[in-house]
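**Student:** just a sequence and a predicted model for now, questions to come.
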2 protein chains.
Amino acid sequence: MPAKELELIQRIRRSAARSSAQLVKGIGDDCAVLAVPRGHELLVTTDFTLEDVHFCRKWHPPDAVGHRCLTRGLSDIAAMGGTPRSAFLSLALPHDLPQRWVDEFLRGFLKLARKYSVPLAGGDTAQSPTGILADIMVIGSVPTGTAILRSTARAGDVLYISGTLGSSVATLHELRDGKNPKPAKHPRHFYPDPRIALGKHLREKKLATAMIDTSDGLSTDLRHICDESSVGAVIDAAALPALPGDEGLKFALHGGEDYELLFAAPPNRRIPAKIAGTTITRIGEITRSRKIKLRTPDGKSHPLPPGGWQHFA
Amino acid sequence: MPAKELELIQRIRRSAARSSAQLVKGIGDDCAVLAVPRGHELLVTTDFTLEDVHFCRKWHPPDAVGHRCLTRGLSDIAAMGGTPRSAFLSLALPHDLPQRWVDEFLRGFLKLARKYSVPLAGGDTAQSPTGILADIMVIGSVPTGTAILRSTARAGDVLYISGTLGSSVATLHELRDGKNPKPAKHPRHFYPDPRIALGKHLREKKLATAMIDTSDGLSTDLRHICDESSVGAVIDAAALPALPGDEGLKFALHGGEDYELLFAAPPNRRIPAKIAGTTITRIGEITRSRKIKLRTPDGKSHPLPPGGWQHFA
């Protein structure tokens, strides 16, 4: 292993060193060793964060890249109603990347990890032939049999979304237009907070029949639920917690990286307007017909094709 | 998600579809859901496989790249004495990569996965700005408290190595020299077999005090054991199961990617000459002094600095 990689591992190891009841052995062996709470099942998710695909160095400060990298994994755990237990980070870096960039990336990553008490338990490092490559893996758990799946929505269920939709892609458009939006003023894009507490509440109270996080955009993520559950859906355009105007609607339907939770619930289940500090909005219903439609204020229904997040394509 | 990525996921999903008692929910949700055998701890490992770092397209057939990618993860599980349970594959591919390359990569990957009954339970896909990027994660398990660590070697322990050392890097030199070695005739380089059965046997019979796999090269991997255990070691040059000559010795000491198991055992413990079909060779001892030395046939000892695997650097 090249000296630079070894040094990176040592630095990650020092900064990640923290006690955790579940982490029997962290960085420094062939594998991490983890205890799993009795009566729990594991949740496992992996997500790439690639330069010029998921972020641009000129737009995204390194601590935001680190934060967003971990959010991608934590949000998947939230979408199952789970508790995150450990994170693993594989990082391939160009040889000429300034040390400061790596330090700031790790600072952003570890700050979010601390917030959710998730130890960085391992990973891999390599020199990248070109561009920064990160792959995050998060392991979580739920009591056996209680994970909220995508495949269990039923016709007649009501659809809900947490928070608001479209802010992240709106900031991306500002970046593209050279408007230089300040990261601190646009946290929904630069520092999105995964809805861990909300997901857990929905699981504990058995409120949701199916759930997904909106990482690819509502129209695409809803399609995943419908495909896996063999159902369709109708969305009310006027009900969406969107930014104003036609563009706001487009961002809400097709923008990605909001990391909100989209879930279905039985029609007779009372869903609070706010859960774990997050507003919950009723946006439509699950239908027997496998089509996905958008109902506009004039009462008409239009096909809603998946037009989700194409990253920077 | 671009159509091409979605199609790739569907194809992986179809080819990976198989039943597994431990895999509650595989590809197709926000997370995979895994059952953990009662009384077991988890083992988790991640390893990059990057084009022009860990393989070259012109040298390595795609099925060998897929095989080697999974071997990297399985070998880490073997080095803890564990049983592999699930694999997760993150794959970023250049847009112009021929479909055939991906098919062959998956064929090699899944053939090895089947051999060890390891379902491909999830992962991520993306378009790579340049070059093929894979990140493998393998989850395994061991009965609680029985994982064989790097950090528990004791002065006086005897050091053993499985199989032979240096074959993989010898083939790499042939590739570099334009000698066109046939993959089928050089399986140790192109299709290395992780020592799962050996690792498991050593754990079950409580034969080893510490263990690591030789992925970075003996001198570097031995250094990891010594550093983590706060001990030193003496290696007998004449005892190494190496290819002939000075070059053979160099390859055995510093070549990487042999995926053999290096382990320490108490001096009074009888270690069979063959375990699970693999020869076991005594190659040295663990010492109290923290230095790592090489004993040559003339009886002299020389410092043995870590000169391990530098990939293609």
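**Tutor:** Arrived safely.
**Student:** name the element whichever residue of the stretch 151-300 of chain A sits closest to chain B belongs to?
**Tutor:** Nearest residue of the stretch 151-300 of chain A to chain B (C-beta to the nearest C-beta) works out as residue A:216 at 5.5 Å. All C-beta spots, glycine's among them, are computed from the backbone N, C-alpha and C. Under the criterion DSSP states H and E, no helix or strand holds residue A:216.
**Student:** quick check: it vs residue A:222, distance?
**Tutor:** 10 Å (C-beta to C-beta, to the nearest Å).
**Student:** ditto for residue A:190
**Tutor:** For residue A:190, the distance to residue A:222 equals 25 Å [C-beta to C-beta].
**Student:** the more surrounded of these two?
**Tutor:** Neighbours were counted for residue A:190 and for residue A:222 using other C-beta atoms under 10 Å in any protein chain shown; residue A:222 has more, 29 against 24.
**Student:** show me what whichever strand or helix holds residue A:67 is packed against.
**Tutor:** Using DSSP H and E, residue A:67 sits in helix A:62-78. The contact analysis (3 or more C-beta pairs under 8 Å, 6 or more residues apart in numbering or on different chains; DSSP states H and E) places helix A:62-78 against strand A:40-50, strand A:83-93, helix A:99-115, strand A:133-143, helix A:187-190, helix A:196-204, strand A:210-213.
**Student:** any chance of those in JSON lines, with mean pLDDT and distance to residue B:184 too?
**Tutor:** Putting the helices and strands packed on helix A:62-78 into JSON lines (pLDDT from 0 to 100; distance: least, C-beta to C-beta, whole Å) gives the following:
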{"stretch": "strand A:40-50", "mean pLDDT": "95", "distance to residue B:184": "32"}
{"stretch": "strand A:83-93", "mean pLDDT": "95", "distance to residue B:184": "31"}
{"stretch": "helix A:99-115", "mean pLDDT": "96", "distance to residue B:184": "42"}
{"stretch": "strand A:133-143", "mean pLDDT": "96", "distance to residue B:184": "32"}
{"stretch": "helix A:187-190", "mean pLDDT": "97", "distance to residue B:184": "51"}
{"stretch": "helix A:196-204", "mean pLDDT": "98", "distance to residue B:184": "50"}
{"stretch": "strand A:210-213", "mean pLDDT": "98", "distance to residue B:184": "45"}
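**Student:** want to throw the ones you listed into TSV with distance to residue A:282?
**Tutor:** Converted to TSV, the helices and strands packed on helix A:62-78 look like this (distance: least, C-beta to C-beta, whole Å):
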stretch	distance to residue A:282
strand A:40-50	27
strand A:83-93	27
helix A:99-115	29
strand A:133-143	25
helix A:187-190	21
helix A:196-204	14
strand A:210-213	15
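**Student:** pipe those into TSV and attach distance to chain B per row.
**Tutor:** Converted to TSV, the helices and strands packed on helix A:62-78 look like this (distance: least, C-beta to the nearest C-beta, whole Å):
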stretch	distance to chain B
strand A:40-50	4
strand A:83-93	5
helix A:99-115	15
strand A:133-143	4
helix A:187-190	19
helix A:196-204	10
strand A:210-213	6
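**Student:** OK, contacts around residue A:87?
**Tutor:** For residue A:87, the contacting residues are A:70, A:73, A:113, A:118-121, A:136-139, by C-beta atoms under 8 Å, 6 or more residues apart in numbering or on different chains.
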